[in-house]
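Peer 1: just the structure for this:
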Amino acid sequence: MSEIRLASEKRLRLFTGRGFPELADEVAKELGIPLTPTSAYDFANGEIFVRFEESVRGCDAFVLQSHSTPVNKQIMEQLIMVDALKRASAKRITVVAPFYGYARQDKKHRGREPISARLMADLFKTAGADRLMVVDLHTSQIQGFFDGPVDHLFALPMLANYVGSKVDRTRLTIVSPDSGRVRVAERWSDLLGGCPIAFIHKTRDPRIPNESVVGRVVGDVVGQTCVVIDDMIDTAGTITKAVDALFEAGATEVIVAATHAVLSGPAVERLKNCRASEVVITNTLPISEDQHFDGLTVLSIAPLLARAIREVFEDGSVTSLFDGHS
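Peer 2: As a prediction, the model looks like this:
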């Protein structure tokens with residue numbers, strides 16, 4: 001009787017939706033693998049069709065889609081891709097969402113409101129995802145919404161290293177745009193040699209989206225180079241008001257640093273016209289040509305994503321990517 005040998009060779013496959021294929025191309029180059037050919041199109045009524053052009057049976061699949069505008073379409077396309085992979089017998093499916101849609105809706109502010117960030121996690125699980133990989137969630141508690149492993153990556157070391165190489169650290173102050181980001185400001189401070197931190201007292205009416213009232217600066221910023229940090233810039237109202245408040249409080253220079261550049265509505269004009277000397281962001285979301293302006297610096301998140309994907313595929317450690325240290 002002849003012996004039957006089962007060859008089980010792990011295969012890494014990277015897939016991309018149509019939300020931001022340029023980022024997927026960068027990640028594929030970092031990994032040294034090609035993107036798996038995918039056919040995707042919209043029906044006349046807006047429904048989405050996806051089919052993979054090669055066998056995915058038994059593969060370790062990573063489905064990359066940043067939830068850019070139109071956000072609901074990008075999310076739905078990624079869900080459909082996950083479902084297709086599950087039905088085609090992929091061995092493990094990891095959803096890679098550099099920008100996780102609906103992350104701001106992580107709790108109920110008042111009665112009769114949804115917790116949409118939890119709904120997102122449930123949808124991905126139901127579609128067939130085994131694992132989530134995200135960058136700089138709005139709040140860390142969202143990790144607990146998904147019933148499975150969540151790789152929560154941080155752009156902070158990359159942003160902090162860039163800013164630290166550009167400024168005099170002896171005159172540097174890290175500024176949180178509100179009290180909720182003070183812990184993140186402390187991590188920035190640790191990475192940059194223990195520089196002082198400050199925060200801006202801010203109020204927001206939950207009934208009015210994308211609008212806040214910036215109050216006073218808490219902390220000494222006189223004569224300092226201030227770095228205002230945040231997880232995302234949406235309409236840029238909060239950030240630009242914070243820049244003005246810091247100059248009024250005596251700062252000599254202000255730099256803005258954020259991970260996700262949503263840049264909705266008046267954001268680009270506001271950033272162009274504000275007094276910040278530089279706005280530093282990452283490419284978790286696509287930045288169109290008309291959104292570029294003097295003083296905007298875009299750092300690539302692709303090396304971080306590629307490193308995390310490789311560690312997960314090889315069953316390595318991604319702890320260093322969780323805790324924000326490189």
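
Peer 1: so what does the longest helix seen in the chain touch, helix or strand wise?
Peer 2: The helix that spans the most residues within the chain, counting by DSSP state H, is helix 71-87. For helix 71-87, the elements it packs on are strand 48-52, strand 60-64, strand 92-97, helix 116-127, judged by 3 or more C-beta pairs under 8 Å, 6 or more residues apart in numbering; DSSP states H and E. No exception for glycine: its C-beta is placed from N, CA and C like everyone else's.

Peer 1: thought residue 115 was touching residue 103?
Peer 2: No - using C-beta atoms under 8 Å, residue 115 is not in contact with residue 103; the gap is 11.2 Å.

Peer 1: who's more crowded, those two?
Peer 2: The neighbour comparison of residue 115 against residue 103 (other C-beta atoms under 10 Å) goes to residue 103, with 21 against 15.

Peer 1: not counting its neighbours along the chain, what's nearest that one?
Peer 2: Spatial nearest neighbour of residue 103, excluding adjacent residues (C-beta to C-beta, 6 or more residues apart in numbering): residue 138 at 3.9 Å.

Peer 1: state the distance from that neighbour to residue 232.
Peer 2: Residue 138 is 7 Å from residue 232, where distance means C-beta to C-beta, to the nearest Å.

Peer 1: one more: residue 46?
Peer 2: With distances taken as C-beta to C-beta, residue 46 is found 27 Å from residue 232.

Peer 1: between the two, tell me which one has more neighbours.
Peer 2: Per other C-beta under 10 Å, whichever of residue 46 and residue 232 has more neighbours is residue 232, with 19 against 8.

Peer 1: after the helix or strand hosting that one, which helix or strand is next?
Peer 2: Element membership for residue 232 (DSSP states H and E) is strand 225-233. Downstream of strand 225-233, the first helix or strand assigned by DSSP H and E is helix 237-248.

Peer 1: only C-alpha atoms, please: export stretch 155-174 in PDB.
Peer 2: Output of stretch 155-174 as PDB, limited to C-alpha atoms (Å, rounded to 0.1, in the frame of the first residue of the first chain):
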ATOM      1  CA  ALA A 155       1.300  55.100  13.400                       C
ATOM      2  CA  LEU A 156       2.500  57.000  16.400                       C
ATOM      3  CA  PRO A 157       6.200  55.900  16.300                       C
ATOM      4  CA  MET A 158       6.400  56.800  12.600                       C
ATOM      5  CA  LEU A 159       4.800  60.300  13.100                       C
ATOM      6  CA  ALA A 160       6.800  61.000  16.300                       C
ATOM      7  CA  ASN A 161      10.100  60.000  14.700                       C
ATOM      8  CA  TYR A 162       9.400  62.300  11.700                       C
ATOM      9  CA  VAL A 163       8.400  65.300  13.900                       C
ATOM     10  CA  GLY A 164      11.300  64.700  16.300                       C
ATOM     11  CA  SER A 165      13.800  64.800  13.400                       C
ATOM     12  CA  LYS A 166      12.400  68.200  12.300                       C
ATOM     13  CA  VAL A 167      12.300  70.200  15.600                       C
ATOM     14  CA  ASP A 168      14.400  71.300  18.500                       C
ATOM     15  CA  ARG A 169      13.200  68.800  21.200                       C
ATOM     16  CA  THR A 170      14.200  71.100  24.000                       C
ATOM     17  CA  ARG A 171      11.500  73.500  23.000                       C
ATOM     18  CA  LEU A 172       8.800  71.000  22.100                       C
ATOM     19  CA  THR A 173       5.400  70.600  23.700                       C
ATOM     20  CA  ILE A 174       2.900  67.900  22.700                       C
END
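
Peer 1: buried stuff in it?
Peer 2: Residues 155-160, 162-164, 167, 172-174 are the ones in stretch 155-174 that count as buried (16 or more other C-beta atoms under 10 Å).

Peer 1: could you dump the residues you listed to JSON lines with distance to residue 145 and secondary structure?
Peer 2: Below are the buried residues of stretch 155-174 laid out as JSON lines (distance: C-beta to C-beta, whole Å; DSSP: H, G, I helix; E, B strand; the rest coil):
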{"residue": "155", "distance to residue 145": "21", "secondary structure": "coil"}
{"residue": "156", "distance to residue 145": "22", "secondary structure": "helix"}
{"residue": "157", "distance to residue 145": "25", "secondary structure": "helix"}
{"residue": "158", "distance to residue 145": "26", "secondary structure": "helix"}
{"residue": "159", "distance to residue 145": "25", "secondary structure": "helix"}
{"residue": "160", "distance to residue 145": "28", "secondary structure": "helix"}
{"residue": "162", "distance to residue 145": "31", "secondary structure": "helix"}
{"residue": "163", "distance to residue 145": "31", "secondary structure": "helix"}
{"residue": "164", "distance to residue 145": "33", "secondary structure": "helix"}
{"residue": "167", "distance to residue 145": "37", "secondary structure": "coil"}
{"residue": "172", "distance to residue 145": "35", "secondary structure": "strand"}
{"residue": "173", "distance to residue 145": "34", "secondary structure": "strand"}
{"residue": "174", "distance to residue 145": "29", "secondary structure": "strand"}
